[in-house]
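> here are the coordinates; sequence isn't available:
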DNA sequence: CGCGTTATCTTGACGATGTAAAGATGCTGC
DNA sequence: GCAGCATCTTTACATCGTCAAGATAACGCG
């Protein structure tokens, strides 16, 4: 009943159509009309479900966070060592950005001019953040990290990983380095530095 | 002779107009026509200087890197200690992002779908990166960092700082934390962790 | 000095886009 | 079974990126 109507679940169909366009044609091809076309409805049909283009983008961004969350949790194979899980999570984060650069970008930059808030987006965002917080807590519980402010650790970790992913998909990692080492090797070094700063002496 | 023509230096006038629009109205207001209007020329005049909208954005992005470079070097007050200069540079980086979020964003994400290359953009990008490399070299020369691959250090540092700036302007730093501590204090902690990982034991 | 060439800019046009208004369609609850 | 409402289509409009054709003015070559 949430989204059922004449032709099925259009709201989610539009979101999925948008994600496909991001993946196959890039962000410049993402328009309300192209999304409607792909979903097989008229160009004004989306307005029954989204106030405007920004609201659709917010929904796509929320879905980006949801997908990211799924990939991050899936990457954490049953391992007792929280540091291992942190590594796995970080690589999954990078991989999502490399696999779906436009979806990743829009997830973090699409909903900016909004004084409006999009509760679904905020919720998914916080769920991802909570995942990092949990990892930090696990590390602290094992005495791997100091007992300083958990949130600060989480923000620091997220920043480092996020920044690398952003630079990588923006093609801003220096070409001389990338031709010499794989992105994953560079990232491995980055993670090593990050953990060296975090771990309790 | 480079850009002089009927009404003055239109090419740069258009770039500056674009930057002002980014600053005052945001990225959604940046159009070739709005830029032309602000520069006081007809809507097709930009095509004498830019092949298309993406070329204008590339020029705005290059100018973003140029401004960033200026702010980063200006922030490095005459201090012998390269760690101090690194701190100053990092804060200037964050400040630029906070002051001009849309210009900052477009600098790093605007020229993405380009298989074309924009030499001016690449040059300015590399100049900024070289600045970080120089800082790392100075730290290594003083024995503060190990003599491992300088480029890897530089990428790691840039990633950490860049990621924090991105999350900050995307409003993705957790609200509970931001209401408790200033962004600058959170950043200070982040930098402390970063340097703890980098410094030679 | 004069004239043609070329870079710069204007005007007008076209298709695409975001969005609003008005109408059609079909579900849903009373 | 009917009224109301959510959903969807059609039509319309301003704005956008881009192109083509023309005007204008600087510049080079004779």
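That came in fine, so what should we check first? Keep in mind that this is a model prediction, so the values were computed, not measured.
> For the rest of this, base every contact and every neighbour count on C-alpha atoms.
OK.
> what does chain A have sitting close to DNA strand C?
A:5-6, A:29-34, A:43-44, A:51-54 (Cα under 7 Å from any atom of the strand).
> which of those has the most neighbours?
residue A:32 (21 neighbours; other Cα atoms under 10 Å in any protein chain shown).
> Can you give me the pLDDT of residue A:115?
pLDDT for residue A:115: 62.
> Actually, residue A:30.
Taking residue A:30 on its own, its pLDDT is 98.
> Equivalent analysis for residue A:48, please.
95.
> got it, and residue A:3?
Note for residue A:3: predicted pLDDT of 40.
> again, but for residue A:109
The per-residue pLDDT of residue A:109 was computed as 88.
> one step back: so can I have JSON lines of the residues of chain A next to DNA strand C showing secondary structure?
Below are the residues of chain A next to DNA strand C laid out as JSON lines (DSSP: H, G, I helix; E, B strand; the rest coil):
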{"residue": "A:5", "secondary structure": "strand"}
{"residue": "A:6", "secondary structure": "coil"}
{"residue": "A:29", "secondary structure": "helix"}
{"residue": "A:30", "secondary structure": "coil"}
{"residue": "A:31", "secondary structure": "coil"}
{"residue": "A:32", "secondary structure": "helix"}
{"residue": "A:33", "secondary structure": "helix"}
{"residue": "A:34", "secondary structure": "helix"}
{"residue": "A:43", "secondary structure": "coil"}
{"residue": "A:44", "secondary structure": "coil"}
{"residue": "A:51", "secondary structure": "coil"}
{"residue": "A:52", "secondary structure": "coil"}
{"residue": "A:53", "secondary structure": "helix"}
{"residue": "A:54", "secondary structure": "helix"}
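> ok, residue A:86 - how many residues close by?
21.
> Quick check: it vs residue A:70, distance?
Look at residue A:86 and residue A:70: by Cα to Cα, to the nearest Å, they are 15 Å apart.
> Going by neighbour count, list what's buried in stretch A:72-92.
The neighbour-count check on stretch A:72-92 (16 or more other Cα atoms under 10 Å in any protein chain shown) flags A:72, A:75-76, A:82-83, A:85-92 as buried.
> So among those, where is pLDDT lowest?
Ranked by pLDDT, the buried residues of stretch A:72-92 bottom out at residue A:76 (91).
> Now the closest residue to residue A:147 other than its chain neighbours: which helix or strand?
Closest residue in space to residue A:147, ignoring its immediate chain neighbours: residue A:140 at 6.1 Å, by Cα to Cα, 6 or more residues apart in numbering or on different chains. According to DSSP states H and E, residue A:140 maps onto helix A:119-141.
> tell me the mean pLDDT for the next helix or strand after that helix?
Downstream of helix A:119-141, the next assigned helix or strand under DSSP H and E is helix A:150-169. Throughout helix A:150-169, pLDDT has a mean value of 97.
> Same check on stretch A:123-136?
The model assigns stretch A:123-136 a mean pLDDT of 97.
> Tell me how far that stretch lies from the chain's centre.
Taking the mean of its C-alpha atoms, stretch A:123-136 sits 11 Å from the chain's own mean (Cα atoms, centre = their mean, to the nearest Å).
> cool, stretch A:169-189 as well?
On Cα atoms, centre = their mean, the centre of stretch A:169-189 falls 20 Å from that of its chain.
> Show residues contacting it.
Residues from elsewhere that reach stretch A:169-189 (Cα atoms under 8 Å, 6 or more residues apart in numbering or on different chains): A:97-98, A:101, A:164, A:167-168, B:108-109, B:111-112, B:125-126, B:129, B:151-152, B:155-156.
> In ChimeraX, select just the buried ones from these.
Buried members of the contacts of stretch A:169-189, defined by 16+ other Cα under 10 Å, are picked up in ChimeraX with:
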select /A:97,101,164,167,168 /B:108,109,111,112,125,126,129,151,152,155,156
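> what about residue A:95, distance to residue A:73?
13 Å.
> Could you do residue A:50 as well?
30 Å.
> Now do the helix holding residue A:140 against helix A:150-169, angle only.
110 degrees (axes from the mean of the first three to the mean of the last three Cα atoms, to 10 degrees).
> quick one: contacts for residue A:72?
A:88-90, A:92-93.
> please redo it, this time with the cut-off set to 6 Å
Listed by Cα atoms under 6 Å, 6 or more residues apart in numbering or on different chains, the contact partners of residue A:72 are A:89, A:92.
> Contact residues of chain A facing chain B?
By the rule Cα under 6 Å from any Cα of the partner chain, the part of chain A lying against chain B is A:156, A:159-160, A:162-164, A:190, A:193-194, A:196-197.
> Return the closest of these with respect to DNA strand D.
residue A:163 (28.4 Å; Cα to the nearest atom of the strand).
> what's the spacing between that closest one and residue A:187?
11 Å.
> go on, residue A:148?
26 Å.
> Repeat that for residue A:8.
Counting by Cα to Cα - residue A:8 and residue A:187 are separated by 43 Å.
> okay, those two: which has more neighbours?
residue A:187 (23 against 10).
> Any idea how many residues pack against residue A:180?
10.
> Tell me which helix or strand it sits in.
Short version, using DSSP H and E: residue A:180 is in no helix or strand.
> repeat for the one 4 residues further on
According to DSSP H and E, residue A:184 maps onto helix A:183-198.
> Please tell me how far that helix is from the chain's geometric centre.
20 Å.
> Just give the closest residue to residue A:122, not the sequence neighbours.
Leaving out its chain neighbours, the residue that sits closest to residue A:122 by Cα to Cα, 6+ apart is residue A:62, at 7.7 Å.
> so what are the domain limits for chain A?
A:1-50, A:52-198 (automatic domain parsing).
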